[in-house]
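Participant: next comes the sequence, and after it the predicted model I'd like to discuss.
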Amino acid sequence: MLTFKALQRNKTLKYGVPMLLLVVGGSFGLREFTQIRYDAQKIMKKLDPTLEAKVNPQKQSVILEEEYQKIKDVNLEEWRNIRGPRPWEDSKEYQEQQRSRQGKAA
């Protein structure tokens, strides 16, 4: 009986042990919760088959060849670099100027 009362008055047992259990138990609990989070992200991360074909490096060469065929047909000789309007310029007025210049150049 005397030792039980002495243990109840001991500050280490009264405050230290529960704090230690909280810290150690909390770390294990957090590990479990974060593992659930990462598992859920893996499931949600499954790619759409069409998107996966674009990302997959083995099929990348097929896509590059298709893009090359598209670009090959573009006529770059008649291409002009036209800058956009500045923030202080009126965009409608600037577009009209560019169109009139483009018509004169052609």
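Facilitator: Thanks, I have it.
Participant: quick one, what contacts Arg83?
Facilitator: For Arg83, the contact set (Cβ atoms under 8 Å, 6 or more residues apart in numbering) is empty. For every residue, glycine as well, the C-beta is placed using N, CA and C.
Participant: which SS state does it fall under?
Facilitator: Secondary structure for Arg83, judged by DSSP: H, G, I helix; E, B strand; the rest coil, is coil.
Participant: Val17 versus that one, what's the distance?
Facilitator: 72 Å (Cβ to Cβ, to the nearest Å).
Participant: what's the neighbour count on Gln69?
Facilitator: 9 (other Cβ atoms under 10 Å).
Participant: then Phe28?
Facilitator: As a burial measure, Phe28 scores 9 neighbours (other Cβ under 10 Å).
Participant: now the helix or strand harbouring it: mean pLDDT?
Facilitator: Following DSSP states H and E, one finds Phe28 within helix 17-44. When pLDDT is averaged over helix 17-44, the result is 88.
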